[in-house]
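**Student:** Quick one, fold the following:
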Amino acid sequence: MDTAATGLTFRDATDADVDALVALIESAYRGDSSRTGWTTEADILQGQRTDPEGVLAVIKSPDSRLLTVEREGTVVACCQLEHRGDHAYFGMFAVSPQLQGAGLGKVIMAEAERTVRETWGAREMHMTVISVRGDLIAWYERRGYRRTGRMTPFPYGDERFGIPQREDLQFELLVKELGRPGPNLGSVTP
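**Tutor:** Reported below is the predicted structural model:
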């Protein structure tokens, strides 16, 4: 039995989740609290990772879902899923720093991939990762994502995305083929 999946509930975020989701995302990537986990960006970016307006925009977008993961009534993880034609975009992925390294991320990614394949018929999942995040990129590669070498510039000067501590930041596109969609059986809560 996969103990990482024990007691998890997957659902779409609502307006009432915004504050909890912002706190979760910030704790996973920024500041000293993020150093508890391994996904911290605290050494390359300071400032905010997201804000209530950004999270609410994902929740309200007709082509997006903010998949929220709870355990015992507490939000422990989330990820953005956005329908983009034949593929889906995966972003805003955060797991509570105290729970990182226990297999929860793998469970959430598998559910996200199943969801976009069955709901939207997506055949690929795309994501962008800061290219200097070698450990994070390697983790995604172990999950079947491949580096494309396609880079987009980091939005230097736009503090909504953080305050860069380096001058070499850029995003690399990673892609995973998801295969053919199966029948839409609805979401299963492990």
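
**Student:** Report the helix or strand with the lowest average pLDDT across this protein.
**Tutor:** strand 45-46 (a mean of 82; mean pLDDT, DSSP states H and E).

**Student:** how far is that strand from where the chain is centred?
**Tutor:** 18 Å (Cα atoms, centre = their mean, to the nearest Å).

**Student:** next SSE after it?
**Tutor:** Downstream of strand 45-46, the next assigned helix or strand under DSSP states H and E is helix 52-60.

**Student:** Okay, buried residues for that next one please.
**Tutor:** 54, 55, 56, 58, 59 (16 or more other Cβ atoms under 10 Å). Every C-beta, even on glycine, is put in place using the N, C-alpha and C of the backbone.

**Student:** helices or strands up against that helix?
**Tutor:** Here helix 52-60 touches helix 18-29, strand 64-71, going by 3 or more Cβ pairs under 8 Å, 6 or more residues apart in numbering; DSSP states H and E.

**Student:** Walking through this protein, point out its strands one by one.
**Tutor:** With strands called from DSSP state E, the chain shows them at 8-12, 45-46, 64-71, 74-84, 87-95, 124-130, 146-153, 163-164, 170-177.

**Student:** Each with direction, which strands does the first one pair with?
**Tutor:** The sheet places strand 8-12 alongside strand 64-71 (antiparallel), with pairing taken from DSSP bridges.

**Student:** relative orientation of the partner strand and helix 52-60 in degrees?
**Tutor:** 100 degrees (axes from the mean of the first three to the mean of the last three Cα atoms, to 10 degrees).

**Student:** Could you give the number of residues near the nearest residue to residue 43 once chain neighbours are set aside?
**Tutor:** The spatial neighbour of residue 43 that comes closest, neighbours along the chain excluded (Cβ to Cβ, 6 or more residues apart in numbering), is residue 165 at 6.7 Å. By other Cβ atoms under 10 Å, the residues close to residue 165 number 13.

**Student:** So residue 165 sits against residue 44, correct?
**Tutor:** Yes. At 5.4 Å, residue 165 and residue 44 qualify as touching, with contact defined as Cβ atoms under 8 Å.

**Student:** Give the residues shared as contacts by those two.
**Tutor:** Contact with both residue 165 and residue 44 is made by no residue, according to Cβ atoms under 8 Å, 6 or more residues apart in numbering.
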